[in-house]
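Q: Below: sequence and its predicted model.
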Amino acid sequence: MATSEKAPSAGTKPGLKREIGFIGLIWASEGSIIGSGWLFGAQGALAAAGPAAIISWAIGGVAILILALVHAELGGMYPVSGGTARFPHYAYGGAAGASFGWFSWLQAATVAPIEVLAMITYGQHYSWAHGWEKVEGGQHVLTSSGIAVAVGLMAVITAINFLSIRLLARTNSAATWWKVGIPLLTIFVFAIAQFHTANFTAADGFNPYGAKGILSAVSTSGIIFALLGFEQADQLAGESANPKRDIPRAVIGSIVIGIIIYILLQVVFLAALPASQIGHTWADSAFNALSGPFAQVATLISLGWLATILYLDAVISPAGTGLIYITGSSRVSYGLSRNGYVPTAFERTNKRGVPWVGLITAFVIGCICFLPFPSWRSLVGLITSASVLMYAGAPLSFGVFRSRLPDAHRPYRLPGGSWMSPLAFIVANLLILWSGWTTDWKLGVAILIGYVILVANRVFKMNPITPQLDLRAAQWLPVYLVGMGLIVYLSDFGPLKHPWFPLWWDMVATGVFSLIIYYWAMAVALPAEQIQYMIDQVVVPEEEEIL
């Protein structure tokens, strides 16, 4: 029987605390969804797909909603801290659990630096911030002084996380009320002040780049990145006051609110653009050079008071999102340590119940990201791919729990779960496909680095728990990772001039491959007794430990 988790040592006390209510949970997810994505997403999507970007947002919204519904059932069933990193562990054992745990942590730890980059880019409005960025290759990249400022902002966000989870939830809730209110205000004011319906067919037309442009925009322009974050309620499940009731509602509610806001933002941004900002093509129009898209458009249409508010929001919204992702990354590393994948140091908490080693680690990694990824758009693709790869573990775990543990208590039961689960897995892999080879090969490098870390932890025995690898249950994993990489490389989204899989056929190939991997994974998953044994080791004891 696999030994997977342990009782806390004295060094881990006082432990996490169940102090977050429903509002705190939904605002944790919503605060992650409404971040820098709303400040830049509409601009990037319009350049990538033209006005058909509205369709891109709808496709992205449906895709993320499908994945969110799967997470809602899982989070209600097993409300443990860092849940998205731990569900695959219970279903497939050590090798798969370690892999998806690394994907989850990588995604969470790299969001805070991208939010800091957004703050600095919008800050170019002020003369005293001009030295922090320069334009290279059409992108705003950090200078040496900008990197220093970025590190300082990361330090502030990290320091706030040393508050108790109750104070942190209140801080984030207050910020999220603002973060949701300002986009809604912008939507209303833009729609009233200036709404040019002719813009929908201006430049090179409504859909100048065809289906490939619409689909590419979903992953590469910031659409999926903007909609990420619903899983934060799952990550904080171990600190929820009433997790089985509140987590499903928070996960589903946050993504529905986010989808509506983002689609409306795309519509009003497009309709408000002055003619001077629209050229002969959407890809080369003047609006692409705006460093603060919504604020600068507000200025152009004589809404200076709104522009002032938007520049202020460009600090509050990204800072709030970065704040909650730093929180989430420390909880993911806490969960990985309890599974035995990373050193036990990550379980250490201070007197306020904050896993401080995980916070410091996330701060350091976030600062390192400023070096190879010095601009907002350069980091978006990596985070998007890491996120959907992390999300892919949820439908696989969902399918296993439905087949192996059919009678387990499910506070929220997803209707049509038998077909929604493989569909969600296909959706996750399509998002990876649409991210393109330029992004996905970098993700492959990050995955290899993660395996080096996980192996080192095991070889040097930095955690007394040595989970069984359960290689038989994870036999599909290397085929999945390598196979997806090959499909992307050989697809219309790869580097080949004459791809093996032209547009549409590459999606068919992804769908067929996804189903093969899905049902293979279902067949070799751990037996019900072993799954229940590992769950009993963590869910009940962890609920008893949390104060």
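A: Looks like it arrived, so ask away. Numbers count the residues shown, from 1 in each chain.
Q: What count of nearby residues applies to Q468?
A: Look at Q468: counted by other CB atoms under 10 Å, it has 17 neighbours. Yep, even glycine has a C-beta here, placed from its N, CA and C like the rest.
Q: Over to it. Which of the three states is it?
A: Reducing the assignment to helix, strand or coil with DSSP: H, G, I helix; E, B strand; the rest coil, the entry for Q468 is coil.
Q: Quick check on it: phi, psi?
A: Backbone torsions for Q468, taken as degrees, to the nearest 10, come to phi -60, psi 140.
Q: Please apply the same query to the one 5 residues further on.
A: Phi and psi for A473, reported as degrees, to the nearest 10, are phi -70, psi -20.
Q: ditto for the one 4 residues further on
A: Note on L477: backbone dihedrals following degrees, to the nearest 10 are phi -60, psi -50.
Q: 432 is where my numbering starts, stick with that
A: Sure thing, new numbering starts at 432, so read that last one as L908.
Q: I'd like to know how far it sits from G684.
A: From L908 over to G684 the distance is 33 Å, taken as CB to CB, to the nearest Å.
Q: show me the residues around the closest residue in space to F725 that isn't next to it in sequence that make contact.
A: Distances taken as CB to CB, 6 or more residues apart in numbering place L741 nearest to F725, at 5.4 Å, with adjacent residues excluded. For L741, the set of contacting residues under the criterion of CB atoms under 8 Å, 6 or more residues apart in numbering consists of I613, T617, G723, F725, A726, A729.
Q: burial of the fourth one, as a residue count?
A: F725 sits with 28 neighbouring residues when counted by other CB under 10 Å.
Q: who touches it in this structure?
A: Neighbours of F725 in contact, by CB under 8 Å, 6+ apart: W469, L470, A473, T617, F700, L741.
Q: In terms of helix, strand or coil, where does it fall?
A: Using three-state DSSP as the criterion, the local structure at F725 reads helix.
Q: Give me the subset of the contacts of F725 lying in helices.
A: Restricting these to those inside helices, with DSSP state H as the criterion, leaves W469, L470, A473, T617, F700, L741.
Q: And those residues, which is closest to G797?
A: Using CB to CB, L470 is the member of the ones in helices among the contacts of F725 that lies nearest G797, at 18.9 Å.
Q: dump the residue contacts of the closest one.
A: By CB under 8 Å, 6+ apart, L470 lies in contact with A549, Y553, G723, P724, F725, D744, A745, S748, P749.
Q: Return the item of those having minimum pLDDT.
A: For the contacts of L470, the model is least confident at S748; its pLDDT is 81.
Q: Which secondary structure state does the closest residue to that one other than its chain neighbours sit in?
A: In this structure, S748 finds its nearest non-sequential neighbour in K610, 4.7 Å apart by CB to CB, 6+ apart. Under the three-state scheme (three-state DSSP), K610 adopts helix.
Q: number of nearby residues for L594?
A: One way to gauge burial is a neighbour count; for L594, by other CB under 10 Å, it gives 15.
Q: where does P674 land on pLDDT?
A: P674 carries a pLDDT score of 69 in this model.
Q: With the one 3 residues further on instead?
A: The predicted local confidence for D677 comes out at a pLDDT of 78.
Q: One more: E976?
A: The model reports E976 with a pLDDT of 48.
Q: Around Y949, count how many other residues there are.
A: Burial of Y949 is recorded as 23 neighbouring residues (other CB under 10 Å).
Q: what does S647 give?
A: Burial measure for S647: 19 neighbouring residues, criterion other CB under 10 Å.
Q: following the helix or strand hosting it, which helix or strand comes up?
A: In this structure, S647 is located in helix 641-651 according to DSSP states H and E. Toward the C-terminus, helix 641-651 is succeeded by helix 654-658 as the next helix or strand (DSSP H and E).
Q: and that following helix, what other elements does it pack with?
A: Secondary-structure packing of helix 654-658 (3 or more CB pairs under 8 Å, 6 or more residues apart in numbering; DSSP states H and E): helix 467-480, helix 484-508, helix 674-703, helix 807-835.
Q: among the contacts of L741, who's most crowded?
A: Neighbour counts for the contacts of L741 were taken using other CB under 10 Å; the highest belongs to F725, with 28 neighbours.
Q: If I take the helix holding S647 and helix 467-480, what angle do their directions form?
A: Angle between the axes of helix 641-651 and helix 467-480 is 160 degrees (criterion: axes from the mean of the first three to the mean of the last three CA atoms, to 10 degrees).
Q: Put the alpha carbons of helix 641-651 into CSV.
A: The C-alpha atoms that make up helix 641-651 are tabulated as CSV, following Å, rounded to 0.1, in the frame of the first residue of the first chain:
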residue,chain,number,x,y,z
GLY,A,641,-10.0,33.1,-40.2
ALA,A,642,-10.4,30.2,-37.9
LYS,A,643,-6.7,30.0,-37.1
GLY,A,644,-6.7,33.6,-35.9
ILE,A,645,-9.7,33.0,-33.7
LEU,A,646,-8.3,29.9,-32.1
SER,A,647,-4.7,31.2,-31.8
ALA,A,648,-6.1,34.3,-30.0
VAL,A,649,-7.7,32.0,-27.3
SER,A,650,-4.3,30.8,-26.1
THR,A,651,-1.7,33.3,-27.2
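Q: name the helices or strands packed onto it?
A: Checked by 3+ CB pairs under 8 Å, 6+ apart, helix 641-651 has helix 467-480, helix 484-508, helix 807-835, helix 848-866 packed alongside it.
Q: deepest of those, which one?
A: Using mean count of other CB atoms under 10 Å, the stretch among these with the greatest mean number of neighbours is helix 467-480 (a mean of 27).
Q: Distance to R680 for the contacts of L470 - can I get that in JSON lines?
A: Formatted as JSON lines, the entries for the contacts of L470 read as follows, by distance: CB to CB, whole Å:
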{"residue": "A549", "distance to R680": "29"}
{"residue": "Y553", "distance to R680": "33"}
{"residue": "G723", "distance to R680": "35"}
{"residue": "P724", "distance to R680": "33"}
{"residue": "F725", "distance to R680": "30"}
{"residue": "D744", "distance to R680": "27"}
{"residue": "A745", "distance to R680": "30"}
{"residue": "S748", "distance to R680": "23"}
{"residue": "P749", "distance to R680": "26"}
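Q: Which of those sits closest to A642?
A: Among the contacts of L470, P724 lies closest to A642 (CB to CB), at 25.4 Å.
Q: Kindly tell me how buried the closest one is, as a neighbour count.
A: As a measure of burial, P724 has 24 neighbours, counting by other CB under 10 Å.
Q: Show the contacting residues for the residue lying closest to it once chain neighbours are set aside.
A: Closest residue in space to P724, ignoring its immediate chain neighbours: Q474 at 4.0 Å, by CB to CB, 6+ apart. The neighbours of Q474, taking CB under 8 Å, 6+ apart as the test, are F700, F718, N719, L721, P724.
Q: residues in contact with the nearest residue to the fourth one once chain neighbours are set aside?
A: Beyond its immediate neighbours in the sequence, the residue positioned closest to L721 (CB to CB, 6+ apart) is Q727, lying 4.6 Å away. Contact partners of Q727, counting by CB under 8 Å, 6+ apart, are H556, L721, A738.
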